[in-house]
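Participant: return a 3D structure for these sequence lines:
(4 chains)
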Protein chains: 2
Amino acid sequence: MHHVDFKENSYRLIANIAKALGNAHRLELLELVSNGPKNVEELAKEARLSFANTSQHLQILKQLNLVKTKRVFTSIIYSVADTSIPLLLKYLHKTAYNQSLELKHTILDFRKQTGITSVEINDISDTNYILLDVRSESEFNFGHKKGAINIPYAIIDKSMNTLDKDKLIVAYCRGELCTFADKVVKHLQEAGFNAVRLKEIIMTKTG
Amino acid sequence: MHHVDFKENSYRLIANIAKALGNAHRLELLELVSNGPKNVEELAKEARLSFANTSQHLQILKQLNLVKTKRVFTSIIYSVADTSIPLLLKYLHKTAYNQSLELKHTILDFRKQTGITSVEINDISDTNYILLDVRSESEFNFGHKKGAINIPYAIIDKSMNTLDKDKLIVAYCRGELCTFADKVVKHLQEAGFNAVRLKEIIMTKTG
DNA sequence: ATACTATTCTATTATTCTATTGAATACTAT
DNA sequence: ATAGTATTCAATAGAATAATAGAATAGTAT
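Facilitator: Below you'll find the model as predicted:
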């Protein structure tokens, strides 16, 4: 192969991966499956898309080997194909946040509007905090931050009495654009807890 | 802003960055400017594109704040907007290499065909090797690996006599898809030098 | 001032991408 | 076997993207 064809072929193949990430819905779907395996119905609902459209986007991701499937009873379960993919998503978010003033302001304004404090793990002086994962039980079991406990968003009102009011509660969900943690923090604060939201780009196991 | 709009807006803005990388020519242009500032003419020539088309692609990259411009005499010089961008490109290459069998084989077959050995820095047992940067002088001056010396690809035949035949020569260029280093290694080997190519995804300063 | 030149803009065309709809498929459950 | 259901396929229309050619612009050089 001539070096010009080699270069053009290679760039085309790499660009194909970027192109797959270059659609807001596919990006969201890929992040959803990065948080744990899900079937098409769940993904369609979470991403607010039609069934058929979700399936089509997922097939594009599958064709590029970014997600993989397996059948479990009547459902096709999609999951992320490789652990390097969430890492790529993280750097994409980072660059977007750094280079797009509009994105930066969208995120900062939203957090400001909710009035909830976001902290990074390293910024927490209190060593005796509770790290609270508010995602679903299956997402928690698929992978979570070291030392975290799980109270899914949906049941926080019933289960918050198991939490210690004297400790700082640091809640997190799927990442920067997931708003489960924001809502949980608000509920906890209203119930008299000392709670903040973990500032993170994308959910990663170690932190 | 409602949390659904917040999410959709944010994903749209992040996807816009990915979309910019989702074109083989733009990807190549972005990597070219990551190696050092260049004017439109240079970029068009290197990427084998028409002048107008190059300009249009560059404007898309500029609009997304991935590249920046400045005028120097009669030319507009494009350069990469931020150091986080080459890092994103590196992870994109990595994921593409891992997930696309076709890309992996394209690269492996090309290197096999040239018959040139690729090594990683850590694999070199001989501590007394020469690290040779074969890019242009201006690219070298913009940033190079620690300890590297520069003999641009274009003048290797005239300048190879300054190199030591008793030392291992490890040549590198702009990265995995750049073939300058391959050609230089071949010339050096034919002239009786002991030369190999540095295996690297994207040119980074430290290594 | 004027010519020159590097770059960008405009208009056009061909191509690719996206969402929708309804039908088809492939598997499970009985 | 048959029914049921989750998912995918196929066709389509509209929107967005990409490349080309030629005109326009904005600066430098004389």
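Participant: strands of chain A, start to end?
Facilitator: Assigned by DSSP state E, chain A shows strands spanning A:38-39, A:67-72, A:75-80, A:118-119, A:130-133, A:149-150, A:168-172, A:194-198.
Participant: check contacts around the residue nearest the centre of chain A.
Facilitator: In chain A, the residue lying closest to the centroid (C-alpha atoms, centre = their mean) is residue A:174, at 3.0 Å. Counting by C-beta atoms under 8 Å, 6 or more residues apart in numbering or on different chains, residue A:174 touches A:31, A:32, A:35, A:135, A:139, A:180, A:202, A:203. (Each C-beta comes from the backbone N, C-alpha and C, glycine too.)
Participant: quick check: the gap between the third one and residue A:103.
Facilitator: The reference is to residue A:35. Residue A:35 is 21 Å from residue A:103, where distance means C-beta to C-beta, to the nearest Å.
Participant: more neighbours: those two, which one.
Facilitator: residue A:35 (25 against 22; other C-beta atoms under 10 Å in any protein chain shown).
Participant: relative to residue A:17, how far out is the more buried one?
Facilitator: In terms of C-beta to C-beta, residue A:35 sits 20 Å off from residue A:17.
Participant: ok, the contacts of residue A:174 vs chain B, which is closest?
Facilitator: Minimum distance to chain B across the contacts of residue A:174 is 8.6 Å, recorded for residue A:31 (C-beta to the nearest C-beta).
Participant: need the pLDDT of the closest residue to that closest one other than its chain neighbours.
Facilitator: Leaving aside its sequence neighbours, residue A:31 sits nearest to residue A:89 (C-beta to C-beta, 6 or more residues apart in numbering or on different chains; 6.1 Å). As predicted, residue A:89 sits at a pLDDT of 97.
Participant: same thing with the one 5 residues further on?
Facilitator: Confidence per residue is given as pLDDT, and for residue A:94 that number is 96.
Participant: and what of residue A:123?
Facilitator: What the model reports for residue A:123 is a pLDDT of 84.
Participant: and it, what does it touch?
Facilitator: For residue A:123, no contacting residues are found, by C-beta under 8 Å, 6+ apart.
Participant: would you mind measuring from it to residue B:122?
Facilitator: Distance from residue A:123 to residue B:122, counting by C-beta to C-beta: 34 Å.
Participant: again, but for residue A:68
Facilitator: As judged by C-beta to C-beta, residue A:68 and residue B:122 stand 31 Å apart.
Participant: between those two, point out the one with more neighbours.
Facilitator: The neighbour count for residue A:68 versus residue B:122, taken as other C-beta under 10 Å, is higher for residue A:68 (15 against 6).
Participant: tell me who's in contact with the nearest residue to residue A:8 once chain neighbours are set aside.
Facilitator: Nearest non-adjacent residue to residue A:8, counting by C-beta to C-beta, 6+ apart: residue B:24, 6.7 Å away. Applying C-beta under 8 Å, 6+ apart to residue B:24 gives the contacts A:8, A:11, A:12, A:14, A:15.
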